[in-house]
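Asker: give me the fold of what follows.
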Amino acid sequence: MIGSHVDELVAVIGELRVLFPEWRLGQLIGNLAMAAGLAEIGDIWNVEDEQLLAAAQRLIQRNKGREKPTAAVREKLVHPSSSSDISR
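Answerer: The predicted structure is shown next:
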């Protein structure tokens, strides 16, 4: 399923990054895959975008009450290259 839900899935993954700033991207994808019901990591190749989107929306819904990250943390997540503490 290429197309219709991809942009929405990417946006929802951005929301998950804000909810879980301590997760690295690989952890986020792995946790999302598990939430989508995948039994093994190799199953990621066959998961449908709709399954990931539904799992991501469930994670967001279940964690709405989670303490929100500070504005500084959100800024680093949204604009990581503009962070002044990154060595170049």
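
Asker: may I see the buried residues of stretch 40-60?
Answerer: Neighbour counts using 16 or more other CB atoms under 10 Å place 49, 51-57, 59 of stretch 40-60 among the buried residues. Any C-beta I mention is one placed from the backbone N, CA and C, and that applies to glycine too.

Asker: those residues in helices, which ones?
Answerer: 49, 51-57, 59 (DSSP state H).

Asker: need these in TSV with pLDDT, can you?
Answerer: As requested, these are exported to TSV (pLDDT from 0 to 100):
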residue	pLDDT
49	93
51	95
52	95
53	96
54	96
55	96
56	96
57	96
59	95
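
Asker: which residue comes closest to the residue most central in space within the chain once chain neighbours are left out?
Answerer: With distances taken as CA atoms, centre = their mean, the residue of the chain nearest its centroid is residue 13 (3.1 Å). Leaving aside its sequence neighbours, residue 13 sits nearest to residue 56 (CB to CB, 6 or more residues apart in numbering; 6.5 Å).

Asker: show me where the chain has its helices.
Answerer: Here the chain has its helices, by DSSP H, at 6-19, 25-35, 49-62, 71-78.

Asker: tell me the most buried of those?
Answerer: The highest mean neighbour count among the helices of the chain, using mean count of other CB atoms under 10 Å, belongs to helix 49-62: a mean of 16.

Asker: centre of the chain to that helix, how far?
Answerer: 10 Å (CA atoms, centre = their mean, to the nearest Å).

Asker: now for it, which elements pack on it?
Answerer: helix 6-19, helix 25-35 (3 or more CB pairs under 8 Å, 6 or more residues apart in numbering; DSSP states H and E).

Asker: the residue nearest to residue 13 reaches residue 17, doesn't it?
Answerer: No - if you go by CB atoms under 8 Å, residue 56 and residue 17 don't touch, sitting 10.8 Å apart.

Asker: got a list of what the residue nearest to residue 13 touches?
Answerer: Counting by CB atoms under 8 Å, 6 or more residues apart in numbering, residue 56 touches 9, 12-13, 15-16, 32, 35.

Asker: for residue 23, same thing?
Answerer: Contacts of residue 23 (CB under 8 Å, 6+ apart): 16-17, 31.
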